[in-house]
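Chemist: fold the following.
(3 chains)
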Amino acid sequence: MQERVRISDSQVNTDLTSSIFESSKLYWILVGFLALVVLCGFTAAGYMFNRGLGVTGLNRPVMWGFFITNFVFWIGISHAGVMLSAILRLVQAEWRRPATRAAEVLTVFSLMTAMTMPLIHAGRPWRVAYWVFPYDWARGIYPNVRSALVWDPSAVFTYLTSSILFVYIALIPDFAVLRDRTTGVPHIIYSILSLGWRGSVRQWKLQIIAGILLSAIILPIFVSVHSIVSWDFGTAMSVEAWHSTVFAPYFVIGAVHSGVSAVVTVMIILRWMFHWEDYIRREHMDSLAKLLIVVATAWLFFFALEFFFGLYALEGPEVALRELQVFEAPWKWYFLTFLITSYLIPVPMWLIPSVRRNLWLMAFTTILVNVGMWFERFIIIVPGLMRKQAFVFTWGGYTPSIVEVTIITATFAMVSMLVLLFAKVVPLIPIGDAKEGMILHDEIKIGKVMVPAVMREE
Amino acid sequence: MATETINHKWGMVIDIDRCTGCQACVVACQAENNIPLNTEDRFRQRRAIEWIRVERYWEGEFPNIKARFIPILCQHCENAPCEPVCPVYATYHNNQGMNVQVYNRCVGTRYCANNCSYQVRFFNFWEPVWPESLKNQLNPDVTVRSRGIMEKCTFNIQRLRKAERVIEGQRGERITDENLKEGNFLPACVQACPTDTLIFGDWNDPSSKISNLKEKHFVDGGRGYKLLGDLGTQPNVIYLKKVDINAEHKVDAHA
Amino acid sequence: MHESHHVVAPSYLDMTAQEITNDVLKRHHSPGNQFWTIAMILGGLFVVGLVGLFMLIADGFDNKSAWGYYAATFGYVFSLSQTAVLVSVALRMAKSHWRRPLARISEMFAIVGVYSFAMLLPLLWVLPSIEGRRSLWFEWPGNTPHIWDTMALGSLVICGLAILYFASLPDLVTDKEVSGKSDEDVSYHPLIPHWFGAPKHWQLQKIVLGLLGGFYFLMLIIVHMLISVDFAMALIPGWKDAIFPAFHAINGIQASIALIIVTMFILRSRSSLGKYLELEQFWALSKILLATCLLWFYFWWSSFFTYWYGRMPAEIGVLKYIMFETYSTVFLLAFTMCFVIPFLILVVNVVRKTIWGPTLAASVILIGTFFNQVRYYVAGFSVEDHTLHVLENLPDFTAPGPIDFMVVVGGISGAVLTYMLGTRIFPIISIWEIKEGLMLQRVRKFMKRDIRVLAKPE
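Modeler: Presented below is the predicted three-dimensional model:
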């Protein structure tokens, strides 16, 4: 437990801005490689625009495939930000501190990436502005507000705006630190961004109030975003597998599961890359893993409800769908992978305290979770379309094409690259928060042992 | 146009008992509506476009096996699931009971196809191409759809508009089954059907054949039914069940 | 912040461990005349309820709709009492310090579990066989739900009692020590002589409570699902609602927190236990209460919205039956009292941080929850033909008659009476947990203020 060392304030500044002022060869090799993958993705997308969606594996009846799966996946990852920053701030969990910035940044970039997915998967992507913004004023035709696809961009853009605000508010004090440590053009940029921050009591007060207010306001948005994404499917009554009342909370809790796991992975990578051992400590992993146990179990409960009540009515297509998912290759392998990697391996492992404090195992389990969660979305979306209604004549299958696989791979590279590049511009552990955590930390002597303790914030 | 507009509600009755599975309707539809050629490749990709298709089901075990055919086209639902989900109003319900697709508005989200219970909406995955020899056979009354948009059965709205113009506008008569047939205004599939499986008409015209058939068969023990009726989509296309001869034989045998 | 600076009322935080022990035990042994007067009145009402029950039984079990209000009362008592135990279990797992004074208040509801189990028994004769209708049990024999629901609720009740027993064991021993009884005096109680608070005993108790708590949590979710589906959802044709078990459980959690708040308020004013049940407890619970109110709405909305948008006749029939036509008044009452009113009360910070604010909201929720149970239990029992798949003709509204009033009032009075009698066996305030809490906190000077520092042992 006694991993914490006392670090002076100026040392904290130096440590946490190290990602900006120093960079290893490894860092640039990594960024370069990721950029290459992203380039491949752009090429593939360009080819797809040129030739039409025929180059994908989509067909009738599987009109939505890898792209929509990936869209839901990245929207899910984006739920980490609010879960860790807003909810844990409101419940005053001390161990949230080093994770908040990484989570928020991941939120912003994964949301941006997610939003590209439905756009490029449209038949005429150059016309999608039609559907997001009111168009054609002269004839009075507006987007159809009854369509879940209109709610989607509204919810996602609201979430994106508020997440950017959220990151920015938390960044102001850190920009000031950077302003004081840079010269030339970066100095000017950081000066503008820091909004004249001097660190006075009043400024801190305002910054904290803004943070808490945004936390409370962003919560309903957080819930609504993935609920609305789930209603893309839930409201589609023709696809029996999708038309389930449990989808909204099921998607939200699944999003938290994969999002928090992704943050743990990112934190471990950052710790390794920038040597932040004193800030991202094993006790943080321990607490995050405990949170994940609860989240994963709640998610499994909703999954069980969804699966079970699919069968409840014993209708032909539904039974055929479950048989397809569970017994027929290749879906049974996807199903098995999903169940094992997103719950059956990680959660029993997290129950062991030494696993929770082992960085390698934590990185391993959290990556597994996201592999499983990707498959989860896949086996919800595609088999549902393959077994739509009782006309077996039109039941079909789906094999993704190389174009789709390339674009999907590129989205992973893109989010990783953007997070790494962002680490070059701002510290990915909030400096002010880290210091506040140190001030509020205390120890109490009980009998013969010193027990860590916190002062309460309110 | 006549001074008073006559309210139509187009619909169809499909008598499965008469269907032989000859696919004449499919070919007629293909020719009338400028549908790109469904090559073997397209079928293998599961991307063939058939506004009307004849589904074939096998019934019974070999050697007592029977082929059953059911022609399926857009049901023009009154309560269509595909309509509210389109973000750009590319599909909507017109005032003649038809579900229509506006190609210009469509951006190709394909949500309507997902939410169609009958799988009768088709996406143009490729740019449509015709061999040079077929260039002149394209129907000038029908748009050629570019890639990236949805299309579906229109009940040959171009013919119905012409019928309104000619019969109601110029002659000042009411559209009936007879003058639709005389003027070649019936949908191509109906015209081509050699067994009169497909019967087209106006639900609002009480004397039309389809209205009579509905009255006759939507009674207890009647043959009439709606496809996936429990979904509550209220189709404007209704079906008449196959008369099961075997069932009667069995009854006789018991008696 | 430490209360002593501005609060005049004495707080247990200023008392020594010895004082707390003596104070709680004194109250435990002399409940006062008022206690027995109230118990007598409740006993009278309970007898009235019993008479009502006998009248129902005399009429026979075939007329299902006559049993609707009895079933609703059972559902109400079950979900309140059994879920209330969870509050203590969950908060102990989360290591919340503020839970300590209210832990026993919550666990004591395990005793009411026995009562709710007894209430289940007559219903087993009323519940129709599952043959030929949709149910959780697919093709199993007709009496499967009768057997399994009884077993599940029975094991839940036993587990709850075990939690109550092991959690109060240290206090029972203290009671024996303080009142100077010998081992022979407590021979009816085999474990007491073996407990003397050795470290091993405490460790064992922690492990037992942890395991029982985990089991209780899982079991409770399952029992909520069984009861809500077998006794309500499966009885209404066309109702296939994956979120309903979760909704039933969240309504139970909401109402049981409300129940604990109301119980705390009564104990404060009637038994002058105000120095243990302070603003801190009310405030902390009211935050969770607000969250559960929002969840109530969210889960309800998820199910309503999916049905309403889908427009399928089977689902619209259910919406009409239990929400918008037949039971519309009841639904409106439930909706207003479970969500609208408590939300408006609790969303105001100033009100939420009082004693009366949460109590007011909690009382409203307790009434609203009853209406919510009426909405689906009475509706379920009023359906004639359970084998249908679509509710074509809505059954008539079953208005409560004199017998129903007797059963409802008597049923609830009996539950309260059981709880009151339980407080004669176990002290209502958990002495050892409060003492443990005192050990784990210190008051430290920070800047210019006194701040409470709380230890967070691993």
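
Chemist: look at the closest residue to A:Phe109 other than its chain neighbours and report its pLDDT.
Modeler: Excluding the flanking residues, the one nearest A:Phe109 by C-beta to C-beta, 6 or more residues apart in numbering or on different chains is A:Leu418, at 4.3 Å. Using the backbone N, CA and C atoms, a C-beta is placed for each residue, glycine as well. At A:Leu418, the pLDDT value in this model is 94.

Chemist: the helix or strand hosting A:Leu418: what's the following helix or strand?
Modeler: For A:Leu418, the host element (DSSP states H and E) is helix A:402-423. Using DSSP H and E, the helix or strand that follows helix A:402-423 towards the C-terminus is helix A:431-440.

Chemist: enumerate the residues of the stretch 251-400 of chain C near chain B.
Modeler: Applying C-beta under 8 Å from any C-beta of the partner chain, we find that the stretch 251-400 of chain C lies next to chain B at C:309, C:311-314, C:316, C:389-390.

Chemist: shaky segments in the stretch 1-150 of chain A?
Modeler: Residues of the stretch 1-150 of chain A that meet the criterion pLDDT under 70 lie in A:1-5, A:133-140.

Chemist: hang on, I meant chain B
Modeler: Applying pLDDT under 70 to chain B flags residues B:1-5, B:246-255.

Chemist: sorry, back to before: restricted to buried residues, select the residues of the stretch 251-400 of chain C next to chain B in PyMOL.
Modeler: Burial among these is assessed by 16 or more other C-beta atoms under 10 Å in any protein chain shown; the matching PyMOL selection reads:
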select buried, chain C and resi 309+311+312+313+314+316
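
Chemist: which ones among the residues of the stretch 251-400 of chain C next to chain B are found in helices?
Modeler: Filtering these for membership in helices, criterion DSSP state H, returns C:309, C:313-314, C:316.

Chemist: picking up where we left off before, neighbours around the residue nearest to A:Phe109, how many?
Modeler: By the criterion of other C-beta atoms under 10 Å in any protein chain shown, A:Leu418 has 19 neighbours.

Chemist: measure it to chain C for me?
Modeler: Distance of A:Leu418 to chain C, computed by C-beta to the nearest C-beta, to the nearest Å: 32 Å.

Chemist: and stretch C:200-209, which residues are buried?
Modeler: Neighbour-count burial for stretch C:200-209 flags C:205, C:208-209 (criterion: 16+ other C-beta under 10 Å).

Chemist: tally of neighbours for A:Gly196?
Modeler: A:Gly196, neighbours per other C-beta under 10 Å, totals 10.

Chemist: secondary structure class for it?
Modeler: The three-state assignment at A:Gly196 reads coil, by DSSP: H, G, I helix; E, B strand; the rest coil.

Chemist: near chain C, which residues of chain A?
Modeler: Residues of chain A lying near chain C by C-beta under 8 Å from any C-beta: A:1, A:94, A:223, A:227, A:231, A:234-235, A:237, A:243-249, A:301-302, A:305-306, A:308-314, A:442, A:444, A:446, A:451-456, A:458.

Chemist: can I have the buried ones of these as a ChimeraX selection?
Modeler: Buried residues within the residues of chain A next to chain C, by 16+ other C-beta under 10 Å, are selected in ChimeraX with:
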select /A:94,223,227,231,234,235,237,243,244,245,246,247,248,249,301,302,305,306,308,309,310,312,442,444,451,452,453,454
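
Chemist: sitting in strands, which of the residues of chain A next to chain C do you find?
Modeler: A:442, A:444, A:446, A:451-455 (DSSP state E).

Chemist: show me where the stretch 1-150 of chain A has helices.
Modeler: Along the stretch 1-150 of chain A, counting by DSSP state H, counting those that start in this stretch, helices occupy A:9-16, A:18-21, A:25-51, A:66-77, A:79-82, A:88-90, A:100-120, A:129-132, A:148-181.

Chemist: the stretch 251-400 of chain A too?
Modeler: Along the stretch 251-400 of chain A, counting by DSSP H, counting those that start in this stretch, helices occupy A:282-312, A:316-327, A:331-339, A:346-350, A:353-356, A:359-386.

Chemist: so which of those gets nearest C:Leu277?
Modeler: Closest approach to C:Leu277 among these (C-beta to C-beta): helix A:282-312, 27.4 Å.

Chemist: that closest one and chain B in contact?
Modeler: No - applying C-beta under 8 Å from any C-beta, one finds helix A:282-312 separated from chain B by no less than 15.9 Å.
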